[in-house]
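Asker: please work out how this folds:
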Amino acid sequence: MRPVRSASRSGRPWPFRNRQPTNDPRTSFQAHVLGTRSQRAFFIDGLFASASDVVVVSFLTVYAIALGASNTEIGWLAIANGLAGVAALSPGAWIAERTRSRKLVVLLSSGGIGRLTILLMAAAPLAMRHHEAVIAVIVVTGVRWFVGSLGHPSWVSLLSDIVPLDLRQLYVSRRMLGIAAVAAIGAPLTGFFIRFTGGVDHVPSFQWALLIAFGLGMVSTYFYSRIEEAPRLPHEARRGGSTRALLGDRGFMQYLGGTLLLHTTTMIAGPFFVAYLVRDLGANAAQVGILATVDAVSAVIGQYFAGGLAVRFGSPRLLHGSMLLLPLLPLLWFFSTDPWHTTVPHLIGGAAWAMFNLAAFNLVLEFAPEENLPRYAATHQAMVLAATLIGPVIGTLIVAAYGIKAAMLISAAGRVVALGVTAWPRRGGGPARPTLAAPTPARRRRPGGPRL
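Answerer: Prediction:
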C-alpha cells in the first residue's frame, strides 16, 4: 500500500509511543491503544465473545459425549465445522467487497444467527432422543460456523478501518490478551458449574451452561453494534479486489501452504484429545475445566509477551518460533498416562498457539493490500477451515484403524513438515516484500505499514 504523505504540523512524521514514526494521519488524535469509542467497543465485544465461546467451543465435545456421541461422530462434529466454514468464505468475501455496511453483515451473521444456534444446541435434547440430538448438534454447529465464516471477511475489513496501521499489532495483541484472560477465568468456572450441577454425564448441566453462553454472546453483539462505521463509497466507486493479484503473491501462497499443512495435521489428532482425556485417562468435568484453565493461563502469558515480540522481531519470526514448539504437543500427549500428565502440553500449547495465532492474524493484515483484504482474509480462513474438514476425516480413519496414539505421532510429524514449508527460503520473483524466511525486523520498517 502506498504510504499517506500527511504529517504533523511541523512537517515531520507523527511519533507514536516510543516506536518508529508514522506518516499515517489516523494516529494523530490517539494517545493509547483504546483511543476511540469503536476500539473500546470492539475490545469489550471480544471479551464477552470469549466468555461465550468457553462453553460453546471448549465443552462442546464433552456435551456431545454426554449425549452419547461416538468417536466417529466427534470427528464429524469437526468435519461439519470445516465444511460449512469453507462453503461460506467465498460468498463472504463477495459480500464484504460490495456491502455498504460491514458491521451489519457481522451483526446479522455471527452476531445474530450465530448466537441463536447456541439456543438450538441447548434445546436439541428436549425435542429428540440423545443420539438424535447428537446429529442435531452437529448440524447446528455447522450452521454456526457457516454464518461466522460468512461474516469473517467483513469483520477483518472493518477492523482494518477501526485500528490505524501503527496500532494494529499492539491492539490485536492486547485484545487477544484480554480474550485469553477471560477464557482462563471462564473455563474453570464452567467446569465446576457442570460438575456441581450434575457432572459430566448430566445433560441438563450443559444446557444451562449453553443458556449462559447465549446471554454472554448477546452482550458481545450489543457492544459490536456500538462500533462507529464510517460511510462507505458504493462498490462501483471503490477499487476492487483481484484474485489474480492474490495468487501472484508468492510469499502469501507459501504461507498458505504451510498454514494448510499445519492445521490439517493438527486436526488429525486435535478433535480426539478431549475424548481421550475423558474416556482413556478418566478425567472428570472439573479436571477438564482445570486443564482448560492451565491452557488459558498459559495463553494469557503467551499473549502478554507476544505483542512485544511481534513489534520487536516481526510477525514472521514470531510465527516460526511458535511453530518450533507445536510438534512437541502430540508427543507429550502420547506419553501421558494420567489426566494431570497433560498439564505439560497444556502449558506449552497455550502459549505457543497464542503466539502463533497472533502472528498469523497479523501476517494477513501485513500481506494484504487494503482493497484486497477481504479476499486475503477469506482465503486464509478457507485454508484453516479446509484443514478442519480434511484433518478430522484423515484422523477418524486413523483412529478407527490404529487408535488415537497413531494419530498423535502422525500429527507431530506433519507439524514438523509444515514448519519446513513455511520457513523455506523463497527464490525468484514476487511482490517487493521481505519473504517469510527473511523478515525485516519491525524496528527497521519504513513508515507506511509493515512489509514482508
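
Asker: does residue 130 touch residue 67 like I think?
Answerer: Yes. The pair residue 130 / residue 67 is scored as a contact, 4.6 Å apart, by CB atoms under 8 Å. In short, each C-beta sits where N, CA and C put it, glycine included.

Asker: between those two, which is the more surrounded one?
Answerer: In this view residue 130 and residue 67 are compared by other CB atoms under 10 Å, and residue 67 has more residues nearby, 21 against 13.

Asker: residues contacting that one?
Answerer: 125, 130-131, 133-134, 137, 203 (CB atoms under 8 Å, 6 or more residues apart in numbering).

Asker: ditto for residue 124
Answerer: 133, 136-137, 140.

Asker: before we move on, back to that, mind listing which of the contacts of residue 67 are in helices?
Answerer: Secondary structure of these is defined by DSSP state H; positions in helices are 125, 130-131, 133-134, 137, 203.

Asker: which two among the residues you listed are spaced furthest apart?
Answerer: 131 and 203 (12.2 Å; CB to CB).

Asker: neighbour-wise, which of the two wins?
Answerer: The neighbour count for residue 131 versus residue 203, taken as other CB under 10 Å, is higher for residue 203 (17 against 12).

Asker: any buried residues in stretch 382-401, and which?
Answerer: Along stretch 382-401, these residues count as buried under the neighbour rule (16 or more other CB atoms under 10 Å): 382-396, 398-399.

Asker: mind listing the strands for the protein?
Answerer: Per DSSP state E, the chain carries strands over the ranges 14-16, 19-22.

Asker: state the mean pLDDT of the longest one.
Answerer: The pLDDT scores in strand 19-22 average 42.

Asker: where are the low-confidence patches of the stretch 101-250 of the chain?
Answerer: Judged against pLDDT under 70, the low-scoring parts of the stretch 101-250 of the chain cover residues 166, 233-242.

Asker: count of residues packed around residue 90?
Answerer: A total of 16 residues lie near residue 90 under the criterion other CB under 10 Å.

Asker: equivalent analysis for residue 51, please.
Answerer: 23.

Asker: repeat that for the one 3 residues further on.
Answerer: The local packing of residue 54 (other CB under 10 Å) involves 27 other residues.

Asker: the helices in the stretch 351-452 of the chain, which residues?
Answerer: The residue ranges that make up the helices of the stretch 351-452 of the chain, judged by DSSP state H, counting those that start in this stretch, are 373-402, 404-423.

Asker: distance to residue 171 and mean pLDDT for the ones you listed - can I get that in a markdown table?
Answerer: Output for the helices of the stretch 351-452 of the chain, formatted as a markdown table (distance: least, CB to CB, whole Å; pLDDT from 0 to 100):
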| stretch | distance to residue 171 | mean pLDDT |
| --- | --- | --- |
| helix 373-402 | 16 | 84 |
| helix 404-423 | 25 | 92 |
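
Asker: so which of these gets nearest residue 109?
Answerer: Scanning the helices of the stretch 351-452 of the chain with CB to CB as the criterion, the closest one proves to be helix 373-402, at 13.3 Å.

Asker: other SSEs contacting the closest one?
Answerer: Packed against helix 373-402, as judged by 3 or more CB pairs under 8 Å, 6 or more residues apart in numbering; DSSP states H and E, are the following elements: helix 71-98, helix 130-162, helix 243-247, helix 250-269, helix 343-367, helix 404-423.

Asker: orientation of the fifth one relative to helix 373-402 in degrees?
Answerer: I take that to be helix 343-367. Helix 343-367 and helix 373-402 meet at an angle of 150 degrees, taking axes from the mean of the first three to the mean of the last three CA atoms, to 10 degrees as the criterion.

Asker: quick one on the thing from earlier: of all the helices and strands packed on helix 373-402, which one comes closest to residue 55?
Answerer: Of all the helices and strands packed on helix 373-402, helix 130-162 comes closest under CB to CB, at 12.7 Å.

Asker: what packs against the closest one?
Answerer: For helix 130-162, where contacts count as 3+ CB pairs under 8 Å, 6+ apart, the packed elements are helix 37-56, helix 60-66, helix 71-98, helix 102-108, helix 114-127, helix 343-367, helix 373-402.

Asker: got the angle for it vs helix 37-56?
Answerer: Helix 130-162 and helix 37-56 are oriented at 160 degrees to each other (the same axes, to 10 degrees).

Asker: in helix 130-162, what's buried?
Answerer: In terms of neighbour count (16+ other CB under 10 Å), helix 130-162 has its buried residues at 133-134, 136-138, 140-162.

Asker: so residue 62 touches residue 288, yeah?
Answerer: Yes. Using CB under 8 Å, residue 62 is in contact with residue 288, at 6.2 Å.

Asker: need the overlap of contacts for those two.
Answerer: With CB under 8 Å, 6+ apart as the test, residue 62 and residue 288 both reach 200, 274, 278.

Asker: which one among those gets closest to residue 96?
Answerer: residue 274 (33.4 Å).

Asker: let me know the pLDDT of the residue nearest to the spatial centre of the chain.
Answerer: In the chain, the C-alpha closest to the average C-alpha coordinate belongs to residue 357, at a distance of 6.4 Å (CA atoms, centre = their mean). In this model, residue 357 is scored at 88, pLDDT.
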